[in-house]
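K.L.:
Provided below for reference: sequence and predicted model.
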Amino acid sequence: MSKEMREPIESGCPDAWQYMHPVSRKNYGMWKYHEHPRPGVLKHVALSGDELWTVKAGTQRILDVFTLRKLCEIGEKYGDGYVHFTIRSNMEFLVADGNKVGPLIQALESAGFIVGGTQNSVAMISHTQGWLHCDIPGTDASGVVKSMMDELIDEFKQTNMPNRVHITTSCCQINCGGQGDIAINVQHTKPPKINHDLVANVCERPTVVARCPVAAIRPAMVNGKPSLEVDEKKCICCGACYPPCPPMQINDAEHSKLSIWVGGNHSNARGKPTFQKLVAAGIPNNPPRWPEATAIVKRILNTYKKDAKDWERIGEWIERIGWPRFFEMVDLPFTKYHIDTWRGARASLNASTHIRF
Ligand code: SF4
Ligand code: SF4
């Protein structure tokens, strides 16, 4: 099938067509079926009879140039020289000849990479930029992911879960990340601390006031200088004021914690999209291995693996057994902090709480 290339533009990614495997280009939109011959491998068969094999290798996402070169060398030598990245930082190697799959996997594994992440596995945990690129992280999402995946590596390499599990992390409380079967998100527990000497020089005060979702910020004069003040009774400690106004420091070694949410679903394939729900809060943000958060995630996964029916996603499993039973089974306390008592939530966020008003 021929296709016109998109014209290059000044910004944005180039047209992917030119990088696609020739078998993908030839059979674009004309695939008959696909199979899953083993964990980490997919076989697609086109209406024309062509086959295309995909081998999926996990990476650490933030790749140094040497690792990237090594992966590409393996792709050149053992594959057909065509790769692509998935949104969960895996690298997929595409080959037209099924006989190449075994040696390709062997080459990847002997170079220290893991092959898996397909079908009913725990897919590679997706993570946000953290300290490498962003200016507001309260934790190092990449570090959390590395520590957790070290312990979940067998679940990535095998397909023993009732259905696919997507785990996400997020290094602040408001922006990227979230919405997975399990999400590990930063949770601030104290209002921002304002450096009044800097506000007038650094922050656009109307922008910061407008940014607060609960109208807790007001302009104020402090020590004769224009600044801001926060009504701490209203503040929900979301951290949304910190990006436009860094003097409103909210990250804190002791009071910025981790929280775990479950059951988020973007798609509407079998049920409507769902918000994730809070199940554990106040977990220590404890580098370099975050053992407390990892222990809870493993507990949820093990219980899900034992108790869910085939093909139930985590959210579907919990809806079937009920939230009280879920809390009992994973041995997590249900506290008053799990209930969203903010008045505005009745009209909007009510759908994300366990209890409806
Ligand atoms: S989750 Fe927040 S801190 Fe992390 S990269 Fe995204 S915006 Fe930055
Ligand atoms: S942390 Fe959130 S709720 Fe609190 S003042 Fe800042 S923007 Fe408002």
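P.N.:
That came in fine, so what should we check first? Numbering: from 1, shown residues only. Ligands and ions are numbered 1, 2, ... in the order given.
K.L.:
alpha carbons only for contacts and neighbour counts from here, please
P.N.:
Will do.
K.L.:
OK, contacts around Ile87?
P.N.:
Residues in contact with Ile87 (Cα atoms under 8 Å, 6 or more residues apart in numbering) are Ser126.
K.L.:
let's verify it: helix, strand, or coil?
P.N.:
Following DSSP: H, G, I helix; E, B strand; the rest coil, Ile87 is assigned to coil.
K.L.:
residues of the stretch 201-350 of the chain that sit close to ligand 2?
P.N.:
212-214, 216-217, 230, 235-241 (Cα under 6 Å from any ligand atom).
K.L.:
just the buried ones from the residues you listed, in ChimeraX syntax?
P.N.:
Listed next is the ChimeraX selection for buried residues among these, using 16 or more other Cα atoms under 10 Å:
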select :212,216,217,230,235,236,237,238,239,240,241
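K.L.:
which of the residues of the stretch 201-350 of the chain next to ligand 2 fall in strands?
P.N.:
Judged by DSSP state E, these include 217, 230 as members of strands.
K.L.:
name the nearest of the residues of the stretch 201-350 of the chain next to ligand 2 relative to Gly263.
P.N.:
Cys238 (21.2 Å; Cα to Cα).
K.L.:
leaving out the residues flanking it, which one is nearest to the closest one?
P.N.:
Excluding the flanking residues, the one nearest Cys238 by Cα to Cα, 6 or more residues apart in numbering is Gln173, at 6.1 Å.
K.L.:
over to Arg299?
P.N.:
Nearest to Arg299 is Val330, by Cα to Cα, 6+ apart, at 6.1 Å.
K.L.:
swap in Ser256?
P.N.:
His188 (4.4 Å).
K.L.:
count of neighbours near the one you found?
P.N.:
When counting by other Cα atoms under 10 Å, one arrives at 24 neighbours for His188.
K.L.:
show me the contacts for it.
P.N.:
173, 237-239, 250-251, 255-257 are the contacts of His188 under Cα under 8 Å, 6+ apart.
K.L.:
need those in TSV (columns: distance to ligand 1 and pLDDT).
P.N.:
Formatted as TSV, the contacts of His188 follow (distance: Cα to the nearest ligand atom, whole Å; pLDDT from 0 to 100):
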residue	distance to ligand 1	pLDDT
Gln173	7	87
Cys237	14	94
Cys238	11	92
Gly239	10	94
Ile250	12	96
Asn251	10	94
His255	16	94
Ser256	12	95
Lys257	14	95
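K.L.:
pick the one among the residues you listed closest to Met30.
P.N.:
So of the contacts of His188, ranked by how close each gets to Met30 (Cα to Cα), first place is Gln173, at 42.2 Å.
K.L.:
can you verify my assumption that the closest one contacts Ile184?
P.N.:
No: the criterion here is Cα atoms under 8 Å, and Gln173 misses it with Ile184 at 10.1 Å.
K.L.:
out of the two, which sits in the busier spot?
P.N.:
Ile184 (30 against 22).
K.L.:
name the nearest residue to Gly58, ignoring sequence neighbours.
P.N.:
Asn90 (4.5 Å).
K.L.:
over to the one you found: give its phi and psi.
P.N.:
Main-chain dihedrals, Asn90, degrees, to the nearest 10: phi -90, psi 160.
K.L.:
measure it to ligand 2 for me?
P.N.:
34 Å (Cα to the nearest ligand atom, to the nearest Å).
K.L.:
quick check: beta-bridge partners of Gly58?
P.N.:
Asn90, Ile114 (DSSP bridges).
K.L.:
what is the burial count for it?
P.N.:
Gly58, neighbours per other Cα under 10 Å, totals 25.
K.L.:
touching, it and Phe93? I think so.
P.N.:
No: with contact defined as Cα under 8 Å, Gly58 and Phe93 do not form a contacting pair (11.3 Å).
K.L.:
Arg164: neighbour count?
P.N.:
Neighbour tally, Arg164, other Cα under 10 Å: 20.
K.L.:
quick check: it touching Met124?
P.N.:
No: counting by Cα under 8 Å, Arg164 does not reach Met124; the two are 10.8 Å apart.
K.L.:
interface residues of the chain facing ligand 1?
P.N.:
128-130, 134, 136-137, 170-172, 175-177.
K.L.:
distance of the residue nearest to Ile105 when sequence neighbours are not counted from Arg164?
P.N.:
Distances taken as Cα to Cα, 6+ apart place Val115 nearest to Ile105, at 7.0 Å, with adjacent residues excluded. For Val115, the distance to Arg164 equals 16 Å [Cα to Cα, to the nearest Å].
K.L.:
by contact count, what packs against the host helix or strand of Leu258?
P.N.:
Element membership for Leu258 (DSSP states H and E) is strand 256-262. Using 3 or more Cα pairs under 8 Å, 6 or more residues apart in numbering; DSSP states H and E, the elements in contact with strand 256-262 are strand 182-188, strand 277-283.
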